[in-house]
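[1] fold the following and give me the result.
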Amino acid sequence: MIVIGADVHKRSHTFVAVDDAGRKLGSTVVAATTSGHHKALRWAHEKFGGEVLWAIEDCRNMSARLERDLLTAKQKVVRVTPRLMAEHRRTGRERGKSDPIDALAVARAAAREPDLPVASHDELSYEAKALVDYRENLVHERTSKINRVLWRVHQLDPEYRIPSGGLTLNKHQQALASWLAERIGVDARLARNEVAAIIALTTEIKEVTREITTLVRDAVPTLLAMPGCAELTAAKLLGESAGITRFGTDAQFARHAGVAPVPVWSANPGRHRLTRSGNRQLNAALHLIALTQAHMPDTLGHVYYQRKRDEGKSKREALRCLKRRLVRVVYNHLTHDHHTRTATTCQAAA
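    Take a look at the predicted model:
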């Protein structure tokens, strides 16, 4: 099997091919466009034939179009985490850093790692991720404006009080806008402009939230029924999984999510520590579910958490155990919902 590693950038992509032994066979640079990707496909077909494995550094924003074009052309694509590349560059004989060196590191990492996540062309997960990321950007922008408004209001009147978190609600936004309308000066004028922007952002956030809610209720009803998993968390899990079928087992999904335990014992078996690798967005969503279930009586997560605490584990160790248990449940729910959607689509087509 010939492995072609890709170092992706905004304007160009560099490809390097290696054989099973990691020997460099060739390289090319193409534009980061669909026509450039087709050029890379023709290069690979002419030089190495049809049986190749494309390995791409896992940086979703830069590599999304390349992945879609390769998958549309029925190519096999795997994702290589930057951590694996860094290890190869550290131990490699070639010094320095360049696009061909990085692409070679990607290819050699993919050649020696048999169970890398397989890329999949999943429009639903892409839509969920795009919507969740867009909403988070809107919330971040609104928070920045709220912080600036609070300081401007303090400059105008230190005794004027706004409830904590109040400027996310329409009632307090309108009350502040009415209060500012009676004030004069540059601080009042700028504050009025920012309050108007906050109101507009809040409206847009609500619209995007409704769209996300509708999407996940139709796409992952089983996952949504899980205790502690609300609409936004379900959308985060759906989007960041990027196609649950690319994981053969729940253990692979757990490693990708960064909740697989890391053994750290010597002559004291059974000790594990937190892992800092994996998709941190997935990890954060699972952490939120675990915290919720650990404090929700009459849930299986709460019972499991208490059992681990009774075994002598610390709160953090028990929570890590719960997250590993929950990732199996999430994997099964996502897989079940995917097969249900696929069966429904096939029936409709028939």
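
[2] ranges for the helices of the stretch 151-300 of the chain?
    170-181, 186-219, 221-224, 231-241, 250-257, 280-294, 300-310 (DSSP state H, counting those that start in this stretch).

[3] which one of those helices is the most hemmed in?
    Compared across the helices of the stretch 151-300 of the chain, helix 231-241 shows the largest average neighbour count, a mean of 25 (mean count of other CB atoms under 10 Å). The way it works is simple: take the backbone N, C-alpha and C, and place the C-beta from them, glycine included.

[4] what packs against it?
    Applying 3 or more CB pairs under 8 Å, 6 or more residues apart in numbering; DSSP states H and E, we find helix 231-241 packed against helix 123-156, helix 186-219, helix 221-224, helix 280-294, helix 315-349.

[5] okay if I get those helices as TSV plus mean pLDDT and distance to residue 98?
    Listed next are the helices and strands packed on helix 231-241 as TSV, based on pLDDT from 0 to 100; distance: least, CB to CB, whole Å:
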stretch	mean pLDDT	distance to residue 98
helix 123-156	92	30
helix 186-219	94	40
helix 221-224	92	43
helix 280-294	91	28
helix 315-349	86	38
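
[6] is it possible to get a markdown table of those helices that adds distance to residue 237?
    Formatted as a markdown table, those follow (distance: least, CB to CB, whole Å):
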| stretch | distance to residue 237 |
| --- | --- |
| helix 123-156 | 9 |
| helix 186-219 | 9 |
| helix 221-224 | 7 |
| helix 280-294 | 5 |
| helix 315-349 | 6 |
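
[7] right, and the ones you listed - which one's nearest residue 8?
    Closest approach to residue 8 among the helices and strands packed on helix 231-241 is made by helix 123-156 (16.8 Å; CB to CB).

[8] and the residue nearest to the spatial centre of the chain, what is it in contact with?
    By CA atoms, centre = their mean, the chain has its centre lying nearest to residue 240, at 3.6 Å. Listed by CB atoms under 8 Å, 6 or more residues apart in numbering, the contact partners of residue 240 are 129, 279, 281-282, 285.

[9] now do 7 Å
    129, 279, 281-282 (CB atoms under 7 Å, 6 or more residues apart in numbering).

[10] do the same with residue 228
    So residue 228 contacts 289, 292-293, 296 (CB under 7 Å, 6+ apart).

[11] thinking again about what came up before, what's the distance between the residue nearest to the centre of the chain and residue 181?
    43 Å (CB to CB, to the nearest Å).

[12] try residue 242
    Using CB to CB, we find residue 242 at a distance of 47 Å from residue 181.

[13] cool, and residue 127?
    For residue 127, the distance to residue 181 - CB to CB - is 40 Å.

[14] try residue 36
    54 Å.

[15] surely residue 118 touches residue 246?
    Yes: with contact defined as CB atoms under 7 Å, residue 118 reaches residue 246; the gap is 4.2 Å.

[16] now do residue 28 against residue 179, distance only.
    Applying CB to CB to residue 28 and residue 179 gives a distance of 63 Å.

[17] please apply the same query to residue 168.
    17 Å.

[18] just list the residues touching residue 18, thanks.
    Contact analysis of residue 18 by CB under 7 Å, 6+ apart lists 3, 24-25, 104, 107-108, 111.

[19] per-residue confidence for it?
    Model confidence at residue 18, given as pLDDT, is 90.

[20] likewise for the one 4 residues further on?
    Looking at residue 22, its pLDDT stands at 81.

[21] so can I have CSV of the helices of the stretch 151-300 of the chain showing distance to residue 331?
    Converted to CSV, the helices of the stretch 151-300 of the chain look like this (distance: least, CB to CB, whole Å):
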stretch, distance to residue 331
helix 170-181, 39
helix 186-219, 16
helix 221-224, 10
helix 231-241, 9
helix 250-257, 4
helix 280-294, 11
helix 300-310, 15
